[in-house]
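In: sequence first, then the predicted structure, then my questions.
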Amino acid sequence: MPARKPIVIDLKFERSQVDAALANAFSGWPVLRASDPDVDLSEARYAVIWKPDQNLFRRAPNLEVLFSGGAGVDHILTLPDLPDIPIVRFVDDSLTTRMSEWVVLQALSHLRQVPAYLKQQRERQWRELSQPEAKDLTVGVMGLGVLGQDSARKLKIMGFNVIGWSRSRKAIDGIETFDGAELDAFLSRTDMLVGLLPLTPDTRGIFDAALFSRLRQGGALARPVFINAGRGGSQVEADVVAALESGVLGGASLDVFEKEPLPTDSPLWRMENVIVTPHAASASDVRALFRNAQAQIERHEKGEPLQNVVDRRAGY
Ligand code: NDP
Ligand code: OXD
């Protein structure tokens with residue numbers, strides 16, 4: 001068997017998590033830690049990375065494949081000195097399932113007025129609020145990739161009327177879909193907007209005042225709700241705040257932000273109809289990440305094609 005090529009790990013995840021996962025990963029493969037400044041990375045052929053050090057590619061000039069520590073690759077595509085080699089996204093059932101849990105949780109929270117009931121609870125107020133059924137609302141999912149499609153299906157199971165929008169039209173049972181050119185038609189039908197888009201030059205700032213003003217007003221919740229777990233760079237936060245203040249939006253759930261952590265002086269922290277989570281909708285399971293990378297490395301070594309390779313021109 002040919003000698004196994006070194007794999008370098010540069011993941012800005014919690015160290016104990018990475019250590020625990022590494023203890024049982026990549027059996028038989030030499031693993032190097034980029035966090036050790038003295039280790040020689042010149043022989044490394046594979047890298048598993050999430051927000052790596054700026055000098056990684058200078059230290060490891062002979063890489064053949066990069067594995068993203070997450071589904072999103074915007075943090076990789078903007079790295080200086082990025083080598084022209086395949087980049088593999090992280091696609092994993094558990095990541096997908098947990099994202100759908102978060103999306104369904106947020107949709108139901110707004111449907112069932114959870115922020116308003118929590119406020120009433122703190123004020124010891126016993127008052128029933130109007131609560132439409134899921135079927136009375138249309139949830140529009142922007143981004144029908146691995147995560148968007150699973151979320152759309154699970155929203156549908158909960159009874160929502162679900163529609164979806166993506167660059168190229170998708171065929172999904174029971175879900176009406178729109179392509180990139182049909183954004184207006186999609187938005188005008190949407191009462192709850194779910195963002196599961198990657199951050200690319202085309203999607204940067206896409207969730208802005210102009211877009212919010214095209215969402216359907218007067219639906220079962222009276223005003224549209226914005227739910228975003230894609231990337232914060234896709235939303236114009238000043239416009240989100242203004243739309244919530246003016247009533248163009250009736251509520252929001254945000255997991256991602258233009259700047260993370262969300263600055264303590266952001267008005268979003270204090271808005272009663274806003275649910276903030278700290279980029280935690282669906283964290284990568286490091287053990288699954290390593291299993292996935294090893295399986296793909298073994299495919300690559302056998303001359304089989306890599307899976308989930310990023311299209312650099314499209315940016316995701
Ligand atoms: P995919 O690459 O599988 O899907 C991306 C989807 O977005 C595709 O449907 C694609 O269209 C669509 N899209 C991309 N650009 C455009 C555009 N300009 N106009 C219209 N549609 C567009 O990604 P995933 O579903 O796996 O992940 C989506 C994103 O979720 C990640 O990039 C990441 O940013 C985020 N994420 C967030 C997490 C969190 O915890 N908050 C966790 C994991 C991921 P098409 O189908 O035509 O290619
Ligand atoms: C991802 C993320 O892209 O966690 O996987 O944001």
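Out: Arrived safely, thanks for sending. Numbers count the residues shown, from 1 in each chain. Ligands and ions are numbered 1, 2, ... in the order given.
In: okay, the residue nearest to Phe178 when sequence neighbours are not counted and ligand 1: tell me how far apart.
Out: In space, and not counting its chain neighbours, Phe178 is closest to Phe186: 4.1 Å by C-beta to C-beta, 6 or more residues apart in numbering. Where C-beta positions appear, they are placed from N, C-alpha and C, glycine not excepted. The gap separating Phe186 from ligand 1 is 10 Å, by C-beta to the nearest ligand atom, to the nearest Å.
In: count the neighbours of Phe186 for me.
Out: 24 (other C-beta atoms under 10 Å).
In: what's the answer for Glu260, then?
Out: With other C-beta under 10 Å as criterion, Glu260 counts 12.
In: so the residue nearest to Phe178 sits in a helix?
Out: Yes - counting by DSSP: H, G, I helix; E, B strand; the rest coil, Phe186 is part of a helix.
In: that one against Thr138, yeah?
Out: No - the pair Phe186 / Thr138 is not scored as a contact, 9.9 Å apart, by C-beta atoms under 8 Å.
In: mind listing the shared neighbours of these two?
Out: Ile163 (C-beta atoms under 8 Å, 6 or more residues apart in numbering).
In: so in the chain, which helix runs the longest?
Out: helix 93-111 (DSSP state H).
In: buried set for it?
Out: 95-96, 98-100, 102-104, 106-107, 109-111 (16 or more other C-beta atoms under 10 Å).
In: and for stretch 238-248?
Out: Neighbour-count burial for stretch 238-248 [16+ other C-beta under 10 Å]: 239-241, 243-244, 248.
In: mind listing which of the residues you listed are in helices?
Out: Per DSSP H, the subset of the buried residues of stretch 238-248 in helices is 239-241, 243-244.
In: got TSV for those, with distance to ligand 1 too?
Out: TSV is the format used below for those (distance: C-beta to the nearest ligand atom, whole Å):
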residue	distance to ligand 1
Asp239	18
Val240	16
Val241	20
Ala243	21
Leu244	20
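In: near ligand 1, which residues of the stretch 51-200 of the chain?
Out: Residues of the stretch 51-200 of the chain lying close to ligand 1 by C-beta under 6 Å from any ligand atom are 70-72, 99, 143-148, 166-168, 180, 196-200.
In: now those residues: which count as buried?
Out: Among these, those classed as buried by 16+ other C-beta under 10 Å are 70-72, 99, 143-148, 166-167, 196-200.
In: about what we covered before: contact partners of the longest helix of the chain?
Out: 71, 114-115, 131-132, 134, 137, 139, 146-147, 150-151, 153-155, 158, 160, 192, 194, 196, 221, 225, 227, 229, 250-251, 253, 255, 275, 277, 281-285, 288.
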